[in-house]
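K.L.:
Next one to model:
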Amino acid sequence: QVQLVESGGGLVQAGGSLRLSCAASGRTFSNYSMGWFRQAPGKERDIVTAISWSGSNTYYADSVKGRFTISRDYAKNTVYLQMNSLKPEDTAVYYCAADSHPYGSAWSQREQYDYWGQGTQVTVSS
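P.N.:
As a prediction, the model looks like this:
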């Protein structure tokens, strides 16, 4: 059974940093694209960033470019989201997602992802 488990969320002041982790189990995700999405109350679940199966391609939403960094550790079957210079508008539940088709790119569309974590809350205070 495939599981994605996010961790690292919490409460931080504006300008601070957090690092989210997404640990995958049930299969090896080294050949699969991974992504981070977020959903604020009353809003759609939107792409934050994604990374291709090889790690050579990444995608970032305009709102997080230059502040957030996605990375993956193949040995640990884990994807990370380093978030710096956090703003109150970054407050949301953050979800990790994985594609079930191998050798994919850094997909930005929700429909490309088949596995989802349960989410972790990130709250940025002003």
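
K.L.:
Name the residues that touch stretch 119-126?
P.N.:
6-14, 16, 18, 20, 38-39, 83, 86-95 (Cβ atoms under 8 Å, 6 or more residues apart in numbering). All C-beta spots, glycine's among them, are computed from the backbone N, C-alpha and C.

K.L.:
Out of these, list just those in strands.
P.N.:
If you go by DSSP state E, the contacts of stretch 119-126 have 6-7, 10-13, 18, 20, 38-39, 83, 92-95 in strands.

K.L.:
Between all of the residues you listed, which two are separated the most?
P.N.:
13 and 95 (23.2 Å; Cβ to Cβ).

K.L.:
these two touch, right, residue 3 and residue 25?
P.N.:
Yes - the pair residue 3 / residue 25 is scored as a contact, 4.8 Å apart, by Cβ atoms under 8 Å.

K.L.:
List the contacts of the nearest residue to residue 120 once chain neighbours are set aside.
P.N.:
Spatially, and ignoring its direct neighbours in sequence, residue 120 is nearest to residue 9 (3.4 Å; Cβ to Cβ, 6 or more residues apart in numbering). Counting by Cβ under 8 Å, 6+ apart, residue 9 touches 18, 20, 94, 120, 121, 122.

K.L.:
redo that, cut-off 6 Å
P.N.:
120, 121, 122 (Cβ atoms under 6 Å, 6 or more residues apart in numbering).

K.L.:
Please flag which of those sit within strands.
P.N.:
120, 121, 122.

K.L.:
Report the beta-bridge partners for the second one.
P.N.:
If I follow you right, that is residue 121. For residue 121, the beta-bridge partners under DSSP bridges are residue 93.
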